[in-house]
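Undergrad: Just need the structure, nothing else, for what follows:
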Amino acid sequence: MLQHHAGLSALKSASAVAVWSLMSGSVMAQAIYSCVDDKGRKLTSDRPIAECMDRAQKELNPSGTVRRVLAPPPTAQDRAALEEKEKRDAEARLQQIEEKRRDRELLKRYPDRARHDKERATALEQSIAASAGAAKRLQELGEHRKGIVSELDFYKTTPGKAPPALKRRLDETDANMAAQKRLMADQDAEKSRINKRFDDEVAKLKPQWSLAGTTEAFAAPKKP
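TA: Numbers count the residues shown, from 1 in each chain. This next block holds a predicted model:
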């Protein structure tokens, strides 16, 4: 009996030591929170510090090393900025989806380089014709102007006697020539716009043509 009681007593003692060790380890492992409040005071606590809820707090290990930094809750301005960023990110994702859809439609419309080159030539036809017509009309007006100037030369020594109708014809011719030059400049700009559009499409289509196994046996047409 004495031995039995002695054994029970030893077992209880060992259990108590184990429980104390676990409790002691739990306390020792408990984190320490540290921060500097708005008055410049350094505060520490065994739980997050209420006075520093508006600023970062350090969670320390018992050894004093930093376990992590607790960021303050976001302000209304922070939340608004985050919402704006999420909105921009969502718009960017939608734009990428839309661009991929347009690229697929572009490949469907131009499955090879030959078809794309033909479409470019067709798009340029009207501007080329308009430029050629303006150039021809400008040349005709230039010849007409030479005749008017030749008539005015007759009054070179007495310009005041030159007929007003002759001067009006010269002014009208000059105005018409200026209009034709503007038309040619506009058509040059239009041809540049068309070529840029098709060049941008080629840059997008080349990788897709390559993946689809489409050869580029047709050279790009010369740009007018």
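Undergrad: residues making contact with stretch 186-197?
TA: 120, 123-124, 127-128, 130-131, 134, 223-224 (C-beta atoms under 8 Å, 6 or more residues apart in numbering). Where C-beta positions appear, they are placed from N, C-alpha and C, glycine not excepted.
Undergrad: I misspoke; the intended subject was stretch 160-171.
TA: By C-beta under 8 Å, 6+ apart, the residues outside stretch 160-171 that reach it are 145, 148-149, 151-152, 155.
Undergrad: So which bits of it are buried?
TA: 162, 169-170 (16 or more other C-beta atoms under 10 Å).
Undergrad: what packs against the one helix or strand residue 33 maps to?
TA: Taking DSSP states H and E as the definition, residue 33 sits inside strand 32-36. Contacts defined by 3 or more C-beta pairs under 8 Å, 6 or more residues apart in numbering; DSSP states H and E place strand 32-36 against strand 42-45, strand 57-60.
Undergrad: Mean neighbour count and mean pLDDT for those strands - can I get that in JSON lines?
TA: Output for the helices and strands packed on strand 32-36, formatted as JSON lines (neighbours: other C-beta atoms under 10 Å; pLDDT from 0 to 100):
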{"stretch": "strand 42-45", "mean neighbour count": "12", "mean pLDDT": "92"}
{"stretch": "strand 57-60", "mean neighbour count": "17", "mean pLDDT": "93"}
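Undergrad: okay, these in CSV with distance to residue 100 next?
TA: CSV is the format used below for these (distance: least, C-beta to C-beta, whole Å):
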stretch, distance to residue 100
strand 42-45, 53
strand 57-60, 45
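Undergrad: count of residues packed around residue 191?
TA: Close neighbours of residue 191, defined as other C-beta atoms under 10 Å, add up to 19.
Undergrad: In terms of helix, strand or coil, where does it fall?
TA: Under DSSP: H, G, I helix; E, B strand; the rest coil, residue 191 falls in the helix class.
Undergrad: So it versus residue 132, what's the distance?
TA: Distance of residue 191 to residue 132, computed by C-beta to C-beta, to the nearest Å: 12 Å.
Undergrad: hang on, the earlier thing: please produce TSV containing the contacts of stretch 186-197, extended by pLDDT, neighbour count and secondary structure.
TA: Shown next, in TSV, are the contacts of stretch 186-197 (pLDDT from 0 to 100; neighbours: other C-beta atoms under 10 Å; DSSP: H, G, I helix; E, B strand; the rest coil):
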residue	pLDDT	neighbour count	secondary structure
120	96	20	helix
123	95	16	helix
124	97	20	helix
127	94	19	helix
128	96	14	helix
130	95	16	helix
131	96	20	helix
134	96	19	helix
223	55	12	coil
224	55	15	coil
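Undergrad: Now flag whichever of the residues you listed is closest to residue 180.
TA: Comparing the contacts of stretch 186-197 against residue 180 with C-beta to C-beta places residue 134 closest, at 4.7 Å.
Undergrad: Helix or strand: which one has the most centrally placed residue in the chain?
TA: The centre of the chain sits closest to residue 92, judged by C-alpha atoms, centre = their mean, with a distance of 8.2 Å. Using DSSP H and E, residue 92 maps to helix 76-109.
Undergrad: That helix: which residues count as buried?
TA: By 16+ other C-beta under 10 Å, the buried positions in helix 76-109 come out as residue 107.
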